Each structure stands twice: as structure tokens, then as C-alpha cells.
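Asks: Quick check, what structure comes out for this input:
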Amino acid sequence: MLISDSISLLWLVYVVLSLVVLLTGYLGLAFLPRLPRLVITWLVAGVMWTPAHFRLPLLEEGEFYSGFAPAVVVAAVAFLERNGAAFMPAAMLAAVGAGLGLVVGLLLWWRGRHRDTLDDDDYVDMDDEAPAGRRRGGRGERQEPMIG
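Replies: Numbering: from 1, shown residues only. Next up, the predicted model:
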């Protein structure tokens, strides 16, 4: 059951809280243009969601507890313990996650950058006269209402 397994519950809480952090961070960066907002948000997501393997010694001699945790957490704990052997792989995984997040943010920006612009064929300048072929009441042309 999910409630009895504390590791699954811990990961579930971490995922929910990380989504809240990412959403509020994205909304908090609303003053920025879309490109840096997406890149920063996905870079942070890459750092937060990259898992790393860890191994902790237990009280009994020769026994260890191992598992997975976010790479940034493993790197922070290894840094605080001054454990260079555990810090370097976790920090490299966090850096790779940041790079992948940066790439995803750029791809999302590139995919959605033309969403707000119109095609050249769809653009109509209201000050210009309509071309001769379109002036004669072709299909789909807008007709002004006549009063009287």
C-alpha cells in the first residue's frame, strides 16, 4: 500500500512539491519574455528531477543502505559531509539534468514561437485596397453591411 511504503510516499510528495515549485517559479518569472522563462523553468526542473544513486553506511559494521534520491540532494549531502567520491557523480548528474532541461526549454520555445504570428497569406492590411480578383464578391470575403 502507498501509505505503508514510506519511500513511495516520499517520492510522491517530492514530485507534487516540485511541480508546485516549478509552476510558481514559472508564474513568478512572468515579467521575463517567454524564452528565458521557459529555459530557466526547465533548467530547474532538470536539476530537481534527475535521480542519483546513493549509499549510506549503517550503524552495524559493513552494512550499507542504498537507494535513489534527487541528484541535487545527494550532491548537497555529499558536499556537507565532504565526501568527494559521492559528490562528483551526483554533481555531474545534476549538471546533465540541467543541460537536458535547458534543451527541453529551448525546444518548447522553438515549437511555440510562431503560435502568435500570422502567415503572410493570412495578413490583410485594412488600409490597402483589395486585389481586383478578390473585390468582386469572392467566397469567404467579408461584406460590409448596407444601411438604407
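
Asks: Any stretches of the chain with poor pLDDT?
Replies: Across the chain, residues meeting the criterion (pLDDT under 70) sit at 1-5, 115-140.

Asks: so where do the strands sit in it?
Replies: 51-57, 64-70 (DSSP state E).

Asks: ranking those strands by burial, who's on top?
Replies: strand 51-57 (a mean of 15; mean count of other CB atoms under 10 Å). The C-beta positions use only the backbone N, C-alpha and C, and glycine is treated the same way.

Asks: Output the contacting helices and strands for that strand.
Replies: Applying 3 or more CB pairs under 8 Å, 6 or more residues apart in numbering; DSSP states H and E, we find strand 51-57 packed against strand 64-70, helix 71-80, helix 84-112.

Asks: Ranking these by mean neighbour count, which comes first?
Replies: helix 71-80 (a mean of 19).

Asks: Contact partners for the residue sitting nearest the centre point of the chain?
Replies: In the chain, the C-alpha nearest the mean C-alpha coordinate belongs to Trp42, at 3.1 Å (CA atoms, centre = their mean). By CB atoms under 8 Å, 6 or more residues apart in numbering, Trp42 lies in contact with Gly101, Leu102, Val104, Gly105, Leu108.

Asks: Dump these into TSV; add distance to Gly25 as well.
Replies: As requested, the contacts of Trp42 are exported to TSV (distance: CB to CB, whole Å):
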residue	distance to Gly25
Gly101	12
Leu102	15
Val104	15
Gly105	12
Leu108	15
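
Asks: out of those, who's nearest Tyr65?
Replies: Minimum distance to Tyr65 across those is 28.9 Å, recorded for Gly101 (CB to CB).

Asks: Please tell me how far that closest one sits from Leu38.
Replies: Separation of Gly101 from Leu38 (CB to CB, to the nearest Å) stands at 10 Å.

Asks: What of Ala69?
Replies: Remark: distance between Ala69 and Leu38 (CB to CB) = 27 Å.

Asks: How about His53?
Replies: His53 is 30 Å from Leu38, where distance means CB to CB.
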